[in-house]
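[1] I would like the atomic coordinates for the input below:
(chains A and B)
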2 protein chains.
Amino acid sequence: MREFELLKHIYEANQGLGGRVSIPPGDDMAMVRLDGTELLAAVDQLVDGRHFCLEGTSLELIGRKAVTRSLSDLAAMGGRPRAALVAVTLPPDFGADRAVRLFDAMRAVAAEFACPLIGGDIAFHHAAGQPLTCAVTVLGEPPSRGPITRGAAESGDDVYVTGELGGAVREDGSGRHLSFEPRVAAATDLVNALGHRLHAMIDLSDGLGRDASHIAEQSGVQIEIDARRLPCTAGVDWRAAVSDGEDYELLFTATGEVPSVLCDGLPVTAIGRVRSRGSQPSPRVLIRMNEEVLSGDELGWQHESE
Amino acid sequence: MREFELLKHIYEANQGLGGRVSIPPGDDMAMVRLDGTELLAAVDQLVDGRHFCLEGTSLELIGRKAVTRSLSDLAAMGGRPRAALVAVTLPPDFGADRAVRLFDAMRAVAAEFACPLIGGDIAFHHAAGQPLTCAVTVLGEPPSRGPITRGAAESGDDVYVTGELGGAVREDGSGRHLSFEPRVAAATDLVNALGHRLHAMIDLSDGLGRDASHIAEQSGVQIEIDARRLPCTAGVDWRAAVSDGEDYELLFTATGEVPSVLCDGLPVTAIGRVRSRGSQPSPRVLIRMNEEVLSGDELGWQHESE
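    All right, here's what the predicted structure looks like:
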């Protein structure tokens, strides 16, 4: 079973969450009602050998990615960062100096996004060769219009993506997936510019095809993508732009005018359209390349767990 | 360097947390101000081979302890549970059925404490023999009188402990440390009964001596404990009651009358006194046994990391 499907299975059994949970697990973040406000929360983790290679990657980039991955989830909800907590398990011979460097990197990137590191736990494995793992919880507040979920795309919406797609992970493990900018400010820009015309949003971690299918599934719609319009990274073709993971750009659906550039010059590209989902069994995501049409549901990347 | 000292070192460098952080890392939980309320948050983790042995311990008890350890931190602040998030890394051959059982156990104990599991992440290690790790973040709201910190003990306070102390971890790894009841309801009872007369509180995870020294250090006082009054677990002597870890009872200081029994019949025992800390170098915690006096600062348990 794959990690995503396992979690889905686990959360489908999730009963009795109580009246305070306004967005249950299954979106980029969950939301819970506190006595005076609503709180967005999500946890994500980096594991050596799965999400990066400790050998050959700087501690600064590992610490950065541990935090920015979770901030990217917050961006997808249009949320404002409030705090982060990290739990790190280290190989027994890791050394205190390197542990401090890793925490310094996490603290620096968290502070850069006004998301102070308010909690931390360190444990050391008992045996050599056991891997560094790093779990980061990010907390935020939703925008005043309410959070942007995966489930609110409407037939007739246009589909947009920020930045460039594809080629974020190089063969040697390096690449943009370590140093990307989580789109927190861009998402706030979008919320301010579009208000309730901004319908559904997700950050691209599993690849455009698969992440678009999450929106389509949770909104009960079909998404058609025009492959010729995809903003491909230089040297990357449209298939890679659809399939490659870890872009950490925003994919969203909206009606009406949408800015073509957000803060810091980040481009926004219209790449497709939301359609109603007929009664016939059909793919949730269609990729159109000239006259050819293919199913995009499975075009993406995910961890096989067994 | 020990884990606790490493974290302390890391957080001493913690600058620029921003105006929203009302309790920085270093207490049982941190507190951050949201737009309409204050939020308590902490993360803690369980690692196979360090905090439990996967072989020989039921998944139900592992899942339970992962959540109750963090709830115990919330009890120590007098907080009300609001939500929990978990990140689990599993050995590659762990199996989906067992993963579901582990999550079910965590969900059940979280629900029991009105603390819905709103976020989860699962990853599988890439190589056999790599250990199960489980990081749990707990979120809560402080009581209306404000959270009970480690830093507010006052000279003249009496010192109290709930329940029984010592012997929580048996030699074979079993024992009360897996099945204990986090004192969330008892803490709320204390807050309601004592209000602002309840000064400082901590949950006993490292052992009475060491945890009392955390209160003494952060409050700038000395704590004197009368060993004859300690409520020792049957078959355990006062030295074990002072030194053994993982009791997960509450240690607190207060003035005036204190109930001798809390909800569910939990006993409260007066065990000592808070004294002003003179200008002479002296232990933060004194253990008095008849005419003998010894320093309790280092009587406790913690992980040696290297």
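[2] Does residue A:68 touch residue A:246 like I think?
    No - look at residue A:68 against residue A:246 with Cβ atoms under 8 Å: they stay out of range, at 10.9 Å. Any C-beta I mention is one placed from the backbone N, CA and C, and that applies to glycine too.
[3] Spatially central residue in chain A, please.
    Nearest to the geometric centre of chain A sits residue A:203, at 3.6 Å (Cα atoms, centre = their mean).
[4] and residue A:68 and residue A:246? which has more neighbours close in?
    Each of residue A:68 and residue A:246 has its neighbours counted (other Cβ atoms under 10 Å in any protein chain shown); residue A:68 has more, 26 against 21.
[5] out of everything not next to it in sequence, what's closest to that one?
    Spatially, and ignoring its direct neighbours in sequence, residue A:68 is nearest to residue A:182 (4.6 Å; Cβ to Cβ, 6 or more residues apart in numbering or on different chains).
[6] Next up, the contacts around that neighbour.
    Residue A:182 sits next to A:68, A:69, A:71, A:72, A:74, A:75, A:113, A:203, A:248 when contact means Cβ atoms under 8 Å, 6 or more residues apart in numbering or on different chains.
[7] The last one - how many residues pack around it?
    Yep, that's residue A:248 we're talking about. The burial count for residue A:248: 25, using other Cβ under 10 Å.
[8] residues making contact with the helix or strand where residue A:99 lies?
    Here residue A:99, judged by DSSP states H and E, is contained in helix A:96-112. If you take Cβ under 8 Å, 6+ apart as the criterion, helix A:96-112 is touched by A:59-64, A:66-68, A:84, A:86, A:88, A:90, A:116-117, A:120, A:122, A:134, A:136, B:1, B:6, B:9-10, B:13-14, B:16-18, B:306.
[9] show me the contacts for the residue in chain A that chain B sits nearest to.
    Relative to chain B, the nearest point of chain A is residue A:36 (2.8 Å; Cβ to the nearest Cβ). Going by Cβ under 8 Å, 6+ apart, residue A:36 touches B:34, B:35, B:36, B:37.
[10] run the last query once more with 10 Å
    Neighbour list for residue A:36: B:34, B:35, B:36, B:37, B:38, B:39, B:141 [criterion: Cβ atoms under 10 Å, 6 or more residues apart in numbering or on different chains].
[11] Most widely separated two among those?
    B:35 and B:141 (14.0 Å; Cβ to Cβ).
[12] The two: which is more packed in?
    Each of residue B:35 and residue B:141 has its neighbours counted (other Cβ under 10 Å); residue B:141 has more, 21 against 12.
[13] can you count the residues close to the nearest residue to that one once chain neighbours are set aside?
    Spatially, and ignoring its direct neighbours in sequence, residue B:141 is nearest to residue B:80 (5.1 Å; Cβ to Cβ, 6+ apart). Close neighbours of residue B:80, defined as other Cβ under 10 Å, add up to 20.
[14] Just confirm residue B:80 contacts residue B:39, I think it does.
    No - Residue B:80 lies out of contact with residue B:39 (Cβ atoms under 10 Å); the separation is 11.1 Å.
[15] so what sits against both of the two?
    By Cβ under 10 Å, 6+ apart, the residues touching both residue B:80 and residue B:39 are A:34, B:140, B:141, B:142.
[16] and these, which of them are in strands?
    Cross-referencing those against strands under DSSP state E gives B:140, B:141.
[17] picking that back up, report the contact partners of the residue nearest to residue B:141.
    Taking Cβ under 10 Å, 6+ apart, one finds A:34-35, B:40, B:74, B:113-115, B:140-143, B:184, B:187-188, B:191 in contact with residue B:80.
[18] ok, back up a step: can you classify the residue nearest to residue A:68 as helix, strand or coil?
    Using DSSP: H, G, I helix; E, B strand; the rest coil, the secondary structure recorded for residue A:182 is coil.
[19] Among the contacts of helix A:96-112, name the ones in strands.
    Using DSSP E, the contacts of helix A:96-112 in strands are A:84, A:86, A:88, A:90, A:117, A:120, A:122, A:134, A:136.
[20] Tell me, how many residues neighbour the residue nearest to residue A:255 when sequence neighbours are not counted?
    In this structure, residue A:255 finds its nearest non-sequential neighbour in residue A:197, 5.1 Å apart by Cβ to Cβ, 6+ apart. Neighbour count for residue A:197, taken as other Cβ under 10 Å: 14.
[21] And the strands in chain A?
    When assigned using DSSP E, the strands of chain A occupy the ranges A:21-23, A:30-33, A:38-47, A:80-90, A:117-124, A:133-141, A:158-162, A:198-203, A:221-226, A:250-254, A:268-276, A:285-289, A:292-295.
[22] Buried deepest among those strands, which one?
    For the strands of chain A, the largest average neighbour count (mean count of other Cβ atoms under 10 Å in any protein chain shown) is found in strand A:133-141, namely a mean of 29.
[23] now that strand: how far from the chain's centre is it?
    How far strand A:133-141 lies from its chain's middle: 13 Å, per Cα atoms, centre = their mean, to the nearest Å.
[24] Name every strand pairing with it and say which way it goes.
    strand A:38-47 (antiparallel), strand A:80-90 (antiparallel) (DSSP bridges).
[25] and the last one, how far from the chain's centre?
    The chain centroid and the centroid of strand A:80-90 are separated by 16 Å under Cα atoms, centre = their mean.
[26] follow-up on the earlier one: for residue A:254, state which of the contacts of residue B:80 is nearest.
    residue A:34 (29.4 Å).
[27] quick one: that closest one from residue A:75, how far?
    The spacing between residue A:34 and residue A:75, counted by Cβ to Cβ, to the nearest Å, is 22 Å.
[28] out of the two, which sits in the more crowded spot?
    residue A:75 (29 against 20).
[29] Test for you: state the pLDDT assigned to the more buried one.
    Reported pLDDT at residue A:75 in the predicted model: 98.
[30] before we move on, what about the one 10 residues further on?
    We note a pLDDT of 96 for residue A:85 in this prediction.
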